[in-house]
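>>> requesting a structural model of the entry that follows:
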Amino acid sequence: MRGSRRWNNLNIGLLGGSFNPPHAGHMHIAMSALRRYNFHAIWWLVSPQNPLKSKKDNFKNRLHMTKRFISKQPKMVASDIETQLNVQYSYQTVERLQKRYPKTQFTWIAGMDNATIFHRWDKWRDLLKRIPFIFFNRPPNNMALNNNAIRMVKGQKNVKWNLTGKTRNISSTLLRQKRIAHFLKSRI
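Here you go, the predicted structure:
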């Protein structure tokens, strides 16, 4: 991702997350965004530490897993740019990316689970003004729109809701729980 000229005049989707582990739901969102919104690339921003999560885990391992997971996707890049930029919040990430890549159009893409907690993100209202967002339907959160804080912001035109098409009911938390349960079962 080095060299801002390489990304000049391109439309890049930003998919941020812990990716612990990356899974088919993440890939589904990324592939849907590529197809539906004609992004030139999707940058998977592996978060050093999600400020909304208390558990610290191995960042290098998550970055490595994500790189391997998307390795056969030529329009996808796994990045540690949040570590390079020394940022903790998405607003800071976007602000610095826009300075580093001034001729690149960024759009944040996320699952509906993020829309339900988006009002807890640092400077979330300012972030909505700074960058377009696309939220993809993801069970069981497909009903999360009714009283969503984002929809309550008057005049909000910078958000798209992708509510149609197939969805994947999977989460990193569920995968970790299953892995732990399998490990414990094998010890009995």
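
>>> residue ranges of the helices in this structure, please?
24-37, 59-69, 81-84, 90-100, 112-117, 124-130, 149-152, 172-187 (DSSP state H).

>>> low-confidence regions, the chain specifically.
1-3, 50-56, 138-156, 163-188 (pLDDT under 70).

>>> hmm, 90 instead?
Scanning the chain with the threshold set as pLDDT under 90 gives 1-6, 18, 20-21, 23-25, 48-59, 88, 111-121, 125, 135-188.

>>> now the helices of the chain in CSV, with distance to N8?
Heads up, the C-betas are built off the backbone N, CA and C, glycines and all. As requested, the helices of the chain are arranged in CSV below (distance: least, C-beta to C-beta, whole Å):
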stretch, distance to N8
helix 24-37, 19
helix 59-69, 24
helix 81-84, 17
helix 90-100, 12
helix 112-117, 29
helix 124-130, 19
helix 149-152, 30
helix 172-187, 34
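
>>> with respect to K75, which of those helices lies nearest?
Closest to K75 of those, according to C-beta to C-beta: helix 24-37, at 5.9 Å.

>>> which one of the helices of the chain lies nearest to V46?
Nearest of these (C-beta to C-beta): helix 59-69, 4.7 Å.

>>> so which elements touch that closest one?
For helix 59-69, the contact count by 3 or more C-beta pairs under 8 Å, 6 or more residues apart in numbering; DSSP states H and E identifies strand 41-46, strand 76-79 as packing neighbours.

>>> closest to L14 out of the helices of the chain?
That would be, of the helices of the chain and by C-beta to C-beta, helix 90-100, which comes in at 7.6 Å.

>>> okay, angle between the closest one and strand 41-46 too, please.
130 degrees (axes from the mean of the first three to the mean of the last three C-alpha atoms, to 10 degrees).

>>> which parts of helix 90-100 are buried?
The neighbour-count check on helix 90-100 (16 or more other C-beta atoms under 10 Å) flags S90, Y91, Q92, T93, V94, E95, R96, L97 as buried.

>>> what about the closest residue to the fifth one other than its chain neighbours, distance to H119?
This means V94. For V94, ignoring the flanking residues on the chain, the nearest one in space by C-beta to C-beta, 6 or more residues apart in numbering is I131 at 5.0 Å. For I131, the distance to H119 equals 17 Å [C-beta to C-beta, to the nearest Å].

>>> looking at the two, which has the bigger crowd around it?
More crowded of I131 and H119, by other C-beta atoms under 10 Å: I131, with 20 against 13.

>>> right, I'll leave it there.
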